[in-house]
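Undergrad: Dropping a prediction and its sequence here:
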Amino acid sequence: MRYRAASDRSLLVSFGPETPDEISSKNRLLVENLTRKLVEAKPCGILNVHPAYASVLVVFDPLTLDHQGVQHLCESTGDAPATEPRTVVIPVHYGGERGPDLADVARHARMTSEEVVRLHCGADYVVHFLGFSPGFPYLGGMPESIATPRLSSPRVRVPAGSVAIGGGQTGVYPSDAPGGWRIIGWTPMKLFDPEADPPALLTMGSHVRFEAA
């Protein structure tokens with residue numbers, strides 16, 4: 001682990017390259033383990049924990065802890081108990097008005113829209129972390145052959161339930177939001193409900209499969 005002060009009240013713990021193309025399963029598990037053990041141990045002075053692709057930002061109370069104290073907690077806290085990953089199947093209506101960018105993804109990949117759908121549905125995905133908006137899953141495991149650059153100009157509004165591709169990743173917009181990912185379909189499944197417990201359907205480490213509806 002590499003440690004770097006991100007501010008006077010936060011410490012960045014890095015495990016490797018942060019770009020999506022260079023993420024390893026080993027680093028993803030290290031991020032997940034550190035995040036879980038800090039959240040579950042609830043050490044005094046830790047205010048928040050923000051996981052990313054290959055790092056964890058730990059926010060702390062500077063009146064209680066300093067950077068060295070947080071580093072000691074990260075190194076000394078025992079591993080989080082192993083949990084069986086949950087698999088969630090998400091039905092998707094591909095293409096049409098709710099998947100306006102499917103044809104563009106197919107052109108970029110030099111294949112048919114049907115082939116893109118088959119590849120997108122055939123992969124096993126894992127949630128690296130939730131971010132951007134509440135409940136938005138950043139999913140790893142998408143085939144490289146259908147990776148497509150984001151839009152040059154983001155949309156002002158992407159409807160909730162939109163299934164999209166952004167570079168080498170895929171994800172689902174849990175609520176209406178601006179966004180520049182390529183929308184290839186839509187799911188009626190609700191990924192975030194503020195009144196539910198827990199509010200997010202997916203969690204870090206969840207496994208996801210898409211199924212053509």
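TA: Ah, there it is.

Undergrad: Could you use CA atoms for every contact and neighbour count after this?
TA: Noted.

Undergrad: The residue located most distally from the centre of the chain and residue 46, how far apart?
TA: Distance from the C-alpha centroid of the chain peaks at residue 63, with 31.8 Å (CA atoms, centre = their mean). Plainly put, residue 63 is 11 Å away from residue 46 if you go by CA to CA, to the nearest Å.

Undergrad: doesn't the residue farthest from the centre of the chain fall inside a strand?
TA: No: per DSSP: H, G, I helix; E, B strand; the rest coil, residue 63 lies outside any strand segment and is coil.

Undergrad: Give me the three-state assignment for residue 119.
TA: Going by three-state DSSP, the state assigned to residue 119 is helix.

Undergrad: What of residue 31?
TA: helix.

Undergrad: Now do the contacts for it.
TA: Residue 31 is in contact with 15, 51, 52, 53, 54, 55, 56, counting by CA atoms under 8 Å, 6 or more residues apart in numbering.

Undergrad: Farthest pair within those residues?
TA: Between any two of those, the greatest separation by CA to CA is 11.3 Å, found for 15 and 51.

Undergrad: Could you identify the longest strand within the protein?
TA: Taking DSSP state E as the criterion, the chain has its longest strand at strand 87-94.

Undergrad: Give me the helices and strands touching it, please.
TA: Contact analysis of strand 87-94 by 3 or more CA pairs under 8 Å, 6 or more residues apart in numbering; DSSP states H and E lists strand 182-186, strand 207-212 as its packing neighbours.

Undergrad: Select, out of these, the one closest to residue 87.
TA: Taking CA to CA, strand 207-212 is the member of those nearest to residue 87, at 4.4 Å.

Undergrad: residues in contact with that closest one?
TA: 85-94, 117, 120-127.

Undergrad: Could you figure out how far that strand is turned away from strand 87-94?
TA: For strand 207-212 against strand 87-94, the angle by axes from the mean of the first three to the mean of the last three CA atoms, to 10 degrees is 30 degrees.

Undergrad: so where do the strands sit in this protein?
TA: According to DSSP E, the strands that the chain contains are 2-7, 10-14, 46-51, 55-60, 87-94, 125-130, 137-140, 155-158, 162-166, 169-172, 177-179, 182-186, 207-212.

Undergrad: For the ones you listed, give me JSON lines that also has mean neighbour count.
TA: Compiled in JSON lines, these are given as follows (neighbours: other CA atoms under 10 Å):
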{"stretch": "strand 2-7", "mean neighbour count": "13"}
{"stretch": "strand 10-14", "mean neighbour count": "21"}
{"stretch": "strand 46-51", "mean neighbour count": "18"}
{"stretch": "strand 55-60", "mean neighbour count": "22"}
{"stretch": "strand 87-94", "mean neighbour count": "18"}
{"stretch": "strand 125-130", "mean neighbour count": "23"}
{"stretch": "strand 137-140", "mean neighbour count": "25"}
{"stretch": "strand 155-158", "mean neighbour count": "14"}
{"stretch": "strand 162-166", "mean neighbour count": "24"}
{"stretch": "strand 169-172", "mean neighbour count": "24"}
{"stretch": "strand 177-179", "mean neighbour count": "16"}
{"stretch": "strand 182-186", "mean neighbour count": "27"}
{"stretch": "strand 207-212", "mean neighbour count": "18"}
